[in-house]
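> Quick one, what's the 3D model for this:
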Amino acid sequence: MKKQLLTLATCFTACFLLIGCVESHAETEAASGAPVVYFTSDISPEGLVKIYDTLGWTPEGNVAVKISTGEPPASNYLRPELIGDLVRKVDGTIVECNTAYGGSRASAAMHRQVAEDHGFTAIAPFDLMDEEGEVEWPVTGGDRLDKVIVGSHAENYTDWVILSHFKGHAMAGFGGAIKNVGIGISSPSGKVYVHTAGTKTSGSIWYSDQDAWLEALAEMVSGFASHVGEDHIIYINVMNRLSVDCDCNGHPAEPDIHDIGILASFDPVALDQACVDLVYQAEGNESLVRRMESLNGIHTLEHAEEIGLGSRTYELVDIDG
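This next block holds a predicted model:
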């Protein structure tokens, strides 16, 4: 198994150093002090389970698997046939929250129908975490938020698999692990709270200060991780169907870029940064790069690193060979 030490420059160029073989996440992290991001090019149920197993993580209680159920009729959500084996392996409950912007997932009844139509209820229990209300958890050390507002059922889970489809996003530039938590686990009022950088909990999600809302996105994840405990969370990103549009868009643009692989880490910042770097290295990336840069998407990761959520420097370990 190859291990690469990746140190980011501001222009996203990378320098790779071959360091040898690794036996475990703990050993790899001890070797350099940088978080590990595992990679496989095998986008299949078997590849997803393999990269999960490589993390060496053992949940201790009720497992939530956070996905996006995807906006109908044609979004690029992760298909049940891809994720089903992993969800069953962890004995997980698929969890979501309702949206704050209308659409087919703005109410519990409609959202449950979407989950059924998209095949998720056939592979695992499905829980709309905000169906019976919301709770607040504290955020410390942030500039934008002093709390996160999540669906009340979030308190029913001890362990979390954050299973994200990495792609572009019309407001954040890109969506990966941090977006899947920061918006996806927030209740509808919590979504407004994040989108508006902690200024309100109702009304429009549109906000004039782009960097402020990106900072709030990172701070929400920091509050979530602090409350749940970092050892109780793993993050997996699937880089397929790399449209410039999010899975919240029911009519996304067709991807210009080829599928890349699956990545996994205990560090959401390192994971999303690795995905960004792979996009920059890929052929056909022009439209996705333009989307990310036009919205200063990287600022989410810059701020996340500043507040101690994770590291933008990481070790990339290819588990394929």
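> Helix, strand, or coil at residue 98?
coil (DSSP: H, G, I helix; E, B strand; the rest coil).
> doesn't residue 111 make contact with it?
Yes: Residue 98 is within contact range of residue 111, at 5.6 Å (criterion: Cβ atoms under 8 Å). For the C-beta atoms, the positions are set from N, CA and C on the backbone; glycine is no exception.
> May I ask which helix or strand encompasses residue 287?
helix 286-294 (DSSP states H and E).
> chain center to that helix, what's the gap?
19 Å (Cα atoms, centre = their mean, to the nearest Å).
> just for this structure, where's the confidence low?
For the chain, applying pLDDT under 70 flags the ranges 1-31.
> And the strands in it?
2-8, 14-18, 36-40, 63-66, 93-96, 126-128, 134-138, 147-151, 159-165, 167-169, 173-175, 233-239, 261-265, 314-318 (DSSP state E).
> So in this protein, which helix runs the longest?
For the chain, the helix with the greatest residue count under DSSP state H is helix 210-228.
> Can you show me the CA trace of that one as CSV?
Provided in CSV are the C-alpha atoms of helix 210-228 (Å, rounded to 0.1, in the frame of the first residue of the first chain):
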residue,chain,number,x,y,z
GLN,A,210,-20.2,34.7,1.3
ASP,A,211,-17.1,34.1,3.5
ALA,A,212,-19.2,34.5,6.7
TRP,A,213,-21.6,31.7,5.8
LEU,A,214,-18.7,29.5,4.7
GLU,A,215,-17.1,30.1,8.1
ALA,A,216,-20.4,29.2,9.8
LEU,A,217,-20.5,26.0,7.9
ALA,A,218,-17.2,24.9,9.3
GLU,A,219,-18.2,26.1,12.8
MET,A,220,-21.4,24.0,12.8
VAL,A,221,-19.3,20.9,12.1
SER,A,222,-16.9,21.8,14.9
GLY,A,223,-19.8,22.0,17.3
PHE,A,224,-21.2,18.7,16.1
ALA,A,225,-17.8,16.9,16.4
SER,A,226,-17.2,18.4,19.9
HIS,A,227,-20.6,17.2,21.1
VAL,A,228,-20.5,13.7,19.6
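> okay, which residue is most central for the protein?
Among the residues of the chain, residue 177 comes closest to the average C-alpha position under Cα atoms, centre = their mean, at 1.4 Å.
> what sits against residue 200?
Shown in contact with residue 200 (Cβ atoms under 8 Å, 6 or more residues apart in numbering): 192, 193.
> Please apply the same query to residue 172.
Residue 172 neighbours (Cβ under 8 Å, 6+ apart): 179, 214, 217, 295, 297, 300.
> returning to that earlier point: ok now the longest helix of the chain, how far from the chain's centre?
The answer for helix 210-228 is 12 Å, by Cα atoms, centre = their mean.
> buried sites along it?
210, 212-228 (16 or more other Cβ atoms under 10 Å).
> count of neighbours near the closest residue to residue 46 other than its chain neighbours?
For residue 46, ignoring the flanking residues on the chain, the nearest one in space by Cβ to Cβ, 6 or more residues apart in numbering is residue 85 at 7.6 Å. Counted with other Cβ atoms under 10 Å, residues neighbouring residue 85 total 15.
> chain center to stretch 98-107: distance?
19 Å.
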